[in-house]
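Trainee: need a structure here:
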Amino acid sequence: MAPNFYREGNNWFCSAGLPSDITVSVDGVHFHLHKFPLISKSGKMVQIFEQYQYTPRKTFKAVLEDFPGGPDTFYIVAKFCYNGRVELTPKNIITLYCAADYLEMTDVYGDDNLISKTESYLHDSVLRQWKDCIVALQNAESVLNRVEKLQILKKCLDALSVMACTDPSLFGWPMKMYGSLQSPGGSILWNGINTGARIRSSESDWWFEDVSYLSVNLFEKLIKAMQARGLRPESLVGAIIYYARKYLPGLSRWHGRQAGKPIKVISFSLSPASVDQRILLETIEKLLPLKKGKSFCRFLLGLLRVALILGVDKPCLDSLEKRIGIQLELATLDGLLIPSYSDSDTLYDTDCVERIIRHFTSLQSTVTAFSPVSLDLEASPGSGPLKRVARLIDSYLAEVASDVNVKPRKIRSLAEAIPDSSRSLHDGLYRALDIYFKAHPHLSASEREELCNVIDYQKLSIDACAHASQNERLPLRVVLQVLFFEQMQLRTALAGCLHVLDTESALAGPVAAAPVDTTGQIVQRDGWVTIVRENQVLKVDLENMRCRVGELEQEFSRIKEEMKKVTKSHNSNSASRTIGQRIGCKLLPRASDARSDIVESISASPRASVELRRHSRHKKSFSLF
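Mentor: This is a model prediction of the structure:
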C-alpha cells in the first residue's frame, strides 16, 4: 500500500513509518522523503546521492532549480516514486513529461517508468483528440522552452494542423451527436447524459474559437504549422482575424460578424489567454498574408486605428499602411476617417492617410510603367483603381475640410497626391474646396487662389461652373476663369447641335418626298416626318439662342469699353468699386498689374461679364450639392 502525503505549511511529509533521510526543495517548498524510492526511479537523484555518499550526514538536502511545473508537479512525481496512483490528464501531461525528463526517469531505472507512461498517454490519447491537445498546449506555457526542445510542441502542433484540415465529424464526438442528440440547453447528449460539450459548426471555421484560447506565442507557432501543412489561406486569415478581434477591443466595430453566421462555442472550458495587446498586434501583422478584399481592407484599417492607439513600432505601422495602400481602391470613406491620436490639433490623422495614398500611387506607377506606350491611360489596367481612389479622396477632403485646424497646405498636398489624369471631373474637388472656404472665412486671397490652382476648370461640369460663377467665396480671378470655360463649353455644345441638325435635315428631305407604296414605307415616312417636325422646333430654339448670344456679345463689348476707360483712371480703388457696381459682383482690392489681367481675361470671355451681371440681376437659385 502506497504511503500517504500530508502538508504542514511549506513542508510535505510522507507517512512511510521511517524517518526521512533526504529533503528536496522546489521553489521554497520542502519535501521530506526517503532515498531508496527516489533513486529507484530517477537517474538525477542517483547522481545527487553519489555526490554526498562520502558525507557523514544522516539527512541529505537537494535543491532542484527550475524544476518544470514547480512544487505541484514534483508532488505528483514523488507519489509515483512511492508507487502511488498517478492520474494523467491533458492538463498535467506535458509538465509531467518535462519533469520526468528533468529527473531522467527512464526505463533504465525501472520498468514502465514515468517517461514511458507519459509518452504512451501523449501519443495514444492526447494527440488523437482535438480538445485534449488544445488543453495540453494551453497548460504548457510555463515549460515551453523545454517542450520545444523535446519535440513535444511540434507533435502537438502537427496533430492540430492535421485535424484542422480534416472533417470534424471524423474525430471527437460522433457525427450523429451534432444533430438530434441535443439537450434543450444546446449541449450534446451521450447515452442520455449531458456531456457539457457544445455543438460545433460543420463549416471550415469551427476551430477558430478553440485556438483563440492559446497564448500569442503558441498561436503564432500553430498558424505557421498549419500554413506549412497546406491549410487554405482563407481559413488561416479567418483564424487570425478571429483571434485579433477577441483580444483587441474596437476591432469588432470595423470588422463586424457577418449576419447569419452561427455563434460557435467551444466544447470544453478554458480561460482566455493573457496577452500583451501591443505584442499581439505586431504578431498579427506579421502573420497576415498579402491579401486583397473589401472585408480584409476594412479589417486592416481597424487594425491601423488600434496600432495608432497602442503606439506600435514604426516598422509595424509602415507595413500596415503599405498593406492598405495596395488595396486603397477597396477602402470606404468611414474607414479612412482615422481619428488623430497624437498631439496634433486636427480631428483626423491626415498625415497617415497621405502616406497611404503615396503607397498606392507608387504601386500604380510601377504597374503602368510596364504598359505599352500606345495604350491610353483610360484603358490601362490601373485607370479603374485610380478613378475610384480619386473619388474616395475627394470625398475624404470634403469631410476633413470642415475642420478649422486643417492647414491649406495639407488640403493641397492631399489633393495633389492623386495624379491629375485620374480625375475626369473636378466637381468633387471643387466641392471640397468650397466647404474648406466656408469653414475658413479668414483665408487670404493669395491662399484661396493657391488652393484653387489644384482645380482644372475645363473639367468642371456645367452645373459646377454655374455654381462657381455665383460663389462669393471664390476669388474674382477664379470666377472669371470659370465663366470663360463655361462659355467655351456652351459654344462647343451649340456647334455640335447645329452639325447634328444639318445632317438630319439633309437626310429628312428625300424621305419626305418618297412615294407611299407599301405599309412599311408609310410607317417609315411617318417616323421621319415626326423627326423633321421636332428638328424644326429645335431650329427655332437655336435661332433664338443665337439672337440671345448676339445680344450678350454686344453688351460685353460695351462693358469692355467701359473697363478700358476705367483702367486709365488714377484712382484704382474708386475704379474697382465702379466696375463692381456695373458688372454686379464684389471685387477684391488688387494691384494695377492684377487689374490688367482681369481686363485681358474678360476680353477673352464675352460670356463672363454677362454671367457676373446675372449674379445681381437674375438671382438663380442653384445648389450643386
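
Trainee: got the buried residues for stretch 85-98?
Mentor: 88, 90, 92, 93, 94, 95, 96, 97, 98 (16 or more other Cβ atoms under 10 Å). For glycine as for every other residue, the C-beta is placed from the backbone atoms N, C-alpha and C.

Trainee: In strands, which of these fall?
Mentor: Among the buried residues of stretch 85-98, DSSP state E puts none in strands.

Trainee: Could I get the full set of strands for the stretch 101-250 of the chain?
Mentor: Secondary structure of the stretch 101-250 of the chain (DSSP state E, counting those that start in this stretch): strands at 187-190, 193-198.

Trainee: Which one of those has the poorest average confidence?
Mentor: Here the strands of the stretch 101-250 of the chain differ in mean pLDDT, and the lowest is strand 187-190 at a mean of 46.

Trainee: Sheet-wise, list the partners of the host helix or strand of residue 61 with their directions.
Mentor: Using DSSP states H and E, the element containing residue 61 is strand 60-63. Here strand 60-63 is paired, per DSSP bridges, with strand 22-26 (parallel).

Trainee: For the partner strand, list every residue counted as buried.
Mentor: Across strand 22-26, burial judged by 16+ other Cβ under 10 Å covers 22, 23, 24, 25, 26.

Trainee: can you pull up the bridge partners for the first one?
Mentor: So that's residue 22. Assessed by DSSP bridges, residue 22 has beta-bridge partners residue 33, residue 60.

Trainee: my read: it touches residue 37, true?
Mentor: No: using Cβ atoms under 8 Å as the test, residue 22 is too far from residue 37 to be in contact (9.8 Å).

Trainee: What average pLDDT does the strand holding residue 61 get?
Mentor: The pLDDT scores in strand 60-63 average 87.

Trainee: cool, stretch 465-480 as well?
Mentor: Rounded mean pLDDT across stretch 465-480 is 81.

Trainee: which residues touch the helix or strand residue 321 falls within?
Mentor: Using DSSP H and E, residue 321 sits in helix 314-326. Applying Cβ atoms under 8 Å, 6 or more residues apart in numbering, the contact partners of helix 314-326 are 281-282, 285, 288, 290, 292, 297, 300-301, 303-304, 307-308, 331, 352, 355-360, 362-363.

Trainee: which residues in the stretch 401-550 of the chain form helices?
Mentor: Along the stretch 401-550 of the chain, the stretches classed as helices by DSSP state H, counting those that start in this stretch are 408-416, 427-439, 445-452, 462-469, 476-512, 519-567.

Trainee: any idea which helix or strand comes after the helix holding residue 321?
Mentor: Where DSSP H and E defines the elements, the next helix or strand beyond helix 314-326 is helix 333-336.

Trainee: okay, the angle between the following helix or strand past that following helix and helix 314-326?
Mentor: For helix 333-336, the following helix or strand on the C-terminal side (DSSP H and E) is helix 350-369. Per axes from the mean of the first three to the mean of the last three Cα atoms, to 10 degrees, the angle that helix 350-369 makes with helix 314-326 is 60 degrees.

Trainee: What is helix 350-369 packed up against?
Mentor: In this structure, helix 350-369 packs against helix 314-326, helix 383-400, helix 408-416, with contacts taken as 3 or more Cβ pairs under 8 Å, 6 or more residues apart in numbering; DSSP states H and E.

Trainee: highest average neighbour count across those helices?
Mentor: Scoring those by mean neighbour count under mean count of other Cβ atoms under 10 Å gives helix 383-400 as the most buried, with a mean of 20.

Trainee: could I get it in CSV with only the CA atoms?
Mentor: What follows is helix 383-400, C-alpha atoms only, in CSV (Å, rounded to 0.1, in the frame of the first residue of the first chain):
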residue,chain,number,x,y,z
SER,A,383,-7.0,53.5,-64.5
GLY,A,384,-10.0,51.9,-62.8
PRO,A,385,-8.5,51.8,-59.3
LEU,A,386,-7.1,55.3,-59.9
LYS,A,387,-10.5,56.8,-60.6
ARG,A,388,-12.1,55.0,-57.6
VAL,A,389,-9.4,56.3,-55.3
ALA,A,390,-9.7,59.8,-56.7
ARG,A,391,-13.4,59.9,-55.9
LEU,A,392,-12.6,58.5,-52.5
ILE,A,393,-10.0,61.1,-51.7
ASP,A,394,-12.3,63.9,-53.0
SER,A,395,-15.0,62.7,-50.5
TYR,A,396,-12.3,62.4,-47.8
LEU,A,397,-11.3,66.0,-48.5
ALA,A,398,-14.9,67.2,-48.2
GLU,A,399,-15.1,65.5,-44.8
VAL,A,400,-11.9,66.9,-43.3
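
Trainee: picking that back up, next, the buried residues of the strand holding residue 61.
Mentor: The neighbour-count check on strand 60-63 (16+ other Cβ under 10 Å) flags 60, 62 as buried.

Trainee: cool, and stretch 134-149?
Mentor: Buried residues in stretch 134-149, counted by 16+ other Cβ under 10 Å: 134, 135, 136, 137, 138, 139, 140, 143, 144, 146, 147.

Trainee: So which of those residues sit within helices?
Mentor: Counting by DSSP state H, the buried residues of stretch 134-149 place 134, 135, 136, 137, 138, 144, 146, 147 in helices.

Trainee: ok, the fourth one touching residue 155?
Mentor: No: with contacts counted by Cβ under 8 Å, residue 137 stays clear of residue 155, the gap being 10.6 Å.

Trainee: low pLDDT regions in the protein?
Mentor: 1-2, 53-58, 167-203, 252-274, 365-383, 486, 489-539, 541, 566-625 (pLDDT under 70).

Trainee: dump the residue contacts of residue 238.
Mentor: Residue 238 neighbours (Cβ under 8 Å, 6+ apart): 204, 205, 208.

Trainee: Double-check the last one against residue 237; I have them as touching.
Mentor: No: look at residue 208 against residue 237 with Cβ under 8 Å: they stay out of range, at 10.8 Å.

Trainee: my read is residue 13 is in a strand, agree?
Mentor: Yes: assessed with DSSP: H, G, I helix; E, B strand; the rest coil, residue 13 lies in a strand.

Trainee: give me the number of residues near the residue lying closest to residue 159 once chain neighbours are set aside?
Mentor: Once flanking residues are discounted, residue 159 sits nearest to residue 127: 4.4 Å by Cβ to Cβ, 6 or more residues apart in numbering. Using other Cβ atoms under 10 Å as the criterion, residue 127 is surrounded by 19 other residues.
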